[in-house]
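Chemist: sequence isn't available, so here's the structure alone:
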């Protein structure tokens, strides 16, 4: 028990905050060393004295009211509990404090423990910070007032610079676009000149040589030879006509003169058109080449008959040109409830992956097709015709294995292409 009392006394006397204990009458009955240091009194000087001696005059009347209420309903009160409190030193000086209260009872007598912290340093720091804040706000306000005119000028100048920069960026973009367009036109021109010089040269040479030979055969009895060269001339003229047709079609597409004339078409009528077209294409087949046609479904479709015919003629013509002799060309048509699907498959030279992304560009020729007659416009026109019917076209191809073109034209919504 003695050790416990000693430990309590040590804790009480060497605590780092002031501790003041009062009885029910408000008289001081204990006063630790930190309280002696803070208030300037010795323990002996305050024992039995009212606790009011530690309060400035301005707080004494309020303190009596608070003390009376606390004794009637004692409960712990935390530090700072929302009040600005002050202590009175022996020398009469006042200093800010924070006080927390607690209580204990011995033999029905209530005793109050006040834990007191001197917050002078903290208060001084807060006052300095507040003064600095007020000074900063004052200086900031003055700076804003002094710079109001300058800020307006800067804002106006910034706006002017921003507008100038926007105009320059726009001009730069327009110039860049113009240069890009000019470059593309230059490339198209080069492609056209190269294509035209090559594609027209061959049929013209054929016409020239056949005409010369016809003159030679005119004086001798050689009707078969004359017919042969007449046919060569006809074919050459037909090739030139096809080239010119491509140019005319491209020109009309660019000017928006070609529109899709969407009309309902039965599967039966559509199959007849395919049979007729394949029959007409027989004359263009290489020796041993065959066209195999199959179809599925019997739903009515919504198509432009003439656009579809041109698409099929172009794709079949390519399939025969780029496929070897004695090869099969497969044509499959699907008449579904929601769309018309067309697939044309050949087993020809195929297309490289690098060329496929440019395949629908005008005048484009794949690297492995330069020695085969063509304008480089056919697939570009095909893609435009498919687009006019709100359809889409896909390609699957492998070099030296063949190519498959698949076209899908939806049944609903085609009318929007009109």
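Modeler: Received it, and whenever you're ready, just let me know what you need. Quantities reported herein were computed from a predicted structural model and do not represent experimental measurements.

Chemist: so what are the domain limits for the chain?
Modeler: If you go by automatic domain parsing, the domain ranges for the chain are 2-118, 121-257, 261-417.

Chemist: where's residue 404, which helix or strand?
Modeler: Of the helices and strands defined by DSSP states H and E, residue 404 is found in strand 402-410.

Chemist: buried sites along that strand?
Modeler: The neighbour-count check on strand 402-410 (16 or more other C-beta atoms under 10 Å) flags 402-405, 407-410 as buried. C-betas here are computed from N, CA, C, even on glycine.

Chemist: using JSON lines, lay out these together with pLDDT and distance to residue 103.
Modeler: Converted to JSON lines, the buried residues of strand 402-410 look like this (pLDDT from 0 to 100; distance: C-beta to C-beta, whole Å):
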{"residue": "402", "pLDDT": "94", "distance to residue 103": "101"}
{"residue": "403", "pLDDT": "95", "distance to residue 103": "99"}
{"residue": "404", "pLDDT": "96", "distance to residue 103": "97"}
{"residue": "405", "pLDDT": "96", "distance to residue 103": "98"}
{"residue": "407", "pLDDT": "95", "distance to residue 103": "95"}
{"residue": "408", "pLDDT": "95", "distance to residue 103": "91"}
{"residue": "409", "pLDDT": "93", "distance to residue 103": "94"}
{"residue": "410", "pLDDT": "92", "distance to residue 103": "89"}
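
Chemist: could I get the residues you listed as TSV with distance to residue 96?
Modeler: Listed next are these as TSV, based on distance: C-beta to C-beta, whole Å:
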residue	distance to residue 96
402	96
403	93
404	92
405	92
407	90
408	86
409	89
410	85
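
Chemist: quick one, strands of the stretch 251-400 of the chain?
Modeler: Remark: strands assigned in the stretch 251-400 of the chain by DSSP state E, counting those that start in this stretch are 263-265, 290-296, 301-303, 328-335, 339-346, 392-398.

Chemist: out of the ones you listed, the one nearest residue 2 is which?
Modeler: Taking C-beta to C-beta, strand 392-398 is the member of the strands of the stretch 251-400 of the chain nearest to residue 2, at 101.3 Å.

Chemist: what's the average pLDDT for the closest one?
Modeler: Mean pLDDT, strand 392-398: 94.

Chemist: just list the residues touching the residue nearest the centre of the chain, thanks.
Modeler: In the chain, the residue lying closest to the centroid (C-alpha atoms, centre = their mean) is residue 173, at 22.0 Å. For residue 173, the contact set (C-beta atoms under 8 Å, 6 or more residues apart in numbering) is empty.

Chemist: just the helices in this structure please.
Modeler: Here the chain has its helices, by DSSP state H, at 2-13, 33-39, 43-46, 57-72, 120-217, 223-254, 267-281, 305-321, 353-356, 378-388.

Chemist: tally of neighbours for residue 36?
Modeler: By the criterion of other C-beta atoms under 10 Å, residue 36 has 18 neighbours.
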